[in-house]
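Enquirer: Next input, structure requested:
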Amino acid sequence: MEKRNAGTETIAETVGFVFAFVLAVHQGKSILALSVKPFPKRKQQHTKQVESERVVRASAGKRFSIIVGGILSLGLIAFAGVHYLSASKTEPANSASGPVATAKAEASKQPRTLGELLALKSENLAAVDIGVMNMLCAEGLPGAEEIKVVDYQATLDQWAEHVKSETTRNFHRFREDPAHFYNSEAFYKMLMMAVVVYEDFGIRYNPKWIAPPSETRADDHFFADSRDIFIHGMVGPQHMGTCSSMPVFYIALGRRLGYPLKLVATKQHLFMRWDSPTERFDMDATGKGLDRYDDDYYKKWPFPITEQEIQAEGYLKSLSPSEELSVFFAIRAACLKENGFYADAGVAFQAAYQYAPNWKANQAMPAYAQRKQRAVGMPAPPQAVVFQQQAANPNIPADPSPFQQMPSSRKSP
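Expert: Coordinates of the predicted model:
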């Protein structure tokens, strides 16, 4: 009975020691720090053997602790690596932080007035933010009395940062179903921008001007309010635009993100194009979402155009900075004409001609404005006289109906 009790007690103590050992390893403690209860009733001759075994166990425990610690460290390193790679895959290629930061750094170098913009040489226009260029062309127009170009430029910077953040956050959608985005990361980026603009910024096509192309009229006063035709109507409190302003707005945001976006014109309509060495497609984003097209679509919509018109008017080509500015001056001139400022309209038409002299409409518009001034008994501006002294392209005939070529930018969004 005494032997059975002694054996039971020894087993219990051994189990207790093992439990304490495991607990100590789990807590990162050395086995040498354990307080081991001495075994009672052990014979003296076994003392050295027990101590020797205890040291061996301690050594084994220490090695075990080191091995476990090493495994845990390697596991943590592996976890951190996997997490880093996962985060890297979440963000789309061509991070936009660089372009946005560059846009902010160059903000102070932008022209501040329309006069400063006009003083720039054509080769320097590429450095001008298309959004700034567009808003400066609205200077002094009806509806632009409260325009704040510098503040609106900062707003565009902030909105571009938000678009970048949302594009990165939702990039898993493209990785999970690239076919939904035409297997194009570029289209995914533009679609995300369109969704953010619609849902987060609340930008809308002005419902006043939603109509099919067949219902447009020359006397509908579409150009009367500059907020409908320049981007300050979208960046400012109104948050509305039309096909004259919305493509420019998207391009202003996209270029801040480093996207290769171009402004393109067709008959009475402007649209945008992703134009990189590896990918090119046309887009409209006037409603909720984004429509993707090719050039053939815009040969028929909103109005059919011929190959001769494409060549004469510069339709369907990616516009250069000088040609973009020409378009903005033509829109400015239309707004001035709509409000009865024919002399100023003639000056603006002349500026449009100077930046794109080969377009047939630009050749006809200043003369048209001059005739309109004379019809209402107003003197012609010197710019119109200068235009008459300049040689026109002999290969391009005069336009009998110049205002048919003006971009009446209404469509169903």
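Enquirer: In three-state terms, how would the residue nearest to Met246 when sequence neighbours are not counted be classified?
Expert: Nearest residue to Met246, sequence neighbours excluded (CB to CB, 6 or more residues apart in numbering): Thr286, at 5.5 Å. (Each C-beta comes from the backbone N, C-alpha and C, glycine too.) Of the three states, Thr286 takes coil according to DSSP: H, G, I helix; E, B strand; the rest coil.
Enquirer: per-residue confidence for Thr286?
Expert: With respect to pLDDT, Thr286 scores 87.
Enquirer: Tell me how many other residues crowd it.
Expert: Close neighbours of Thr286, defined as other CB atoms under 10 Å, add up to 23.
Enquirer: Tell me where the chain has strands.
Expert: Secondary structure of the chain (DSSP state E): strands at 204-205, 240-241, 261-266, 269-275, 280-284, 291-293.
Enquirer: Direction included, what does the longest one pair against?
Expert: Pointing back at strand 269-275 there. Within its sheet, strand 269-275 is paired with strand 261-266 (antiparallel), strand 280-284 (antiparallel), according to DSSP bridges.
Enquirer: Point out the most buried one among those.
Expert: strand 261-266 (a mean of 23; mean count of other CB atoms under 10 Å).
Enquirer: contacts for that one?
Expert: Here strand 261-266 makes contact (CB atoms under 8 Å, 6 or more residues apart in numbering) with 130, 247-248, 250-251, 254-255, 270-275, 282, 298-299, 301-303, 305, 313-319, 324, 327, 407.
Enquirer: let's see 7 Å
Expert: 247-248, 251, 254-255, 270-275, 282, 298, 305, 314-319, 324, 327, 407 (CB atoms under 7 Å, 6 or more residues apart in numbering).
Enquirer: Quick check: buried residues in stretch 336-349?
Expert: For stretch 336-349, burial by neighbour count (16 or more other CB atoms under 10 Å) applies to 336-339, 341-349.
Enquirer: picking that back up, by neighbour count, sort out the buried ones in the contacts of strand 261-266.
Expert: 247-248, 251, 254-255, 270-274, 282, 298, 305, 314-316, 319, 324, 327, 407.
Enquirer: how close does the residue nearest to Met246 get to Gln153?
Expert: Here the criterion is CB to CB, to the nearest Å. By it, Thr286 lies 23 Å from Gln153.
Enquirer: again, but for Val163
Expert: From Val163 to Gln153 the distance is 16 Å (CB to CB).
Enquirer: domains in the protein, as residue ranges please.
Expert: 2-90, 97-405 (automatic domain parsing).
Enquirer: Among these, show the one with the smallest mean pLDDT.
Expert: Across the domains of the chain, domain 2-90 gives the lowest mean pLDDT, at a mean of 47.
Enquirer: Could you measure from the closest residue to Asp225 other than its chain neighbours over to Gly289?
Expert: Spatial nearest neighbour of Asp225, excluding adjacent residues (CB to CB, 6+ apart): Gly143 at 4.3 Å. Here the criterion is CB to CB. By it, Gly143 lies 28 Å from Gly289.
Enquirer: ok, those two, which is more surrounded?
Expert: Neighbour comparison, Gly143 and Gly289: the larger count goes to Gly143, with 20 against 12 (by other CB under 10 Å).
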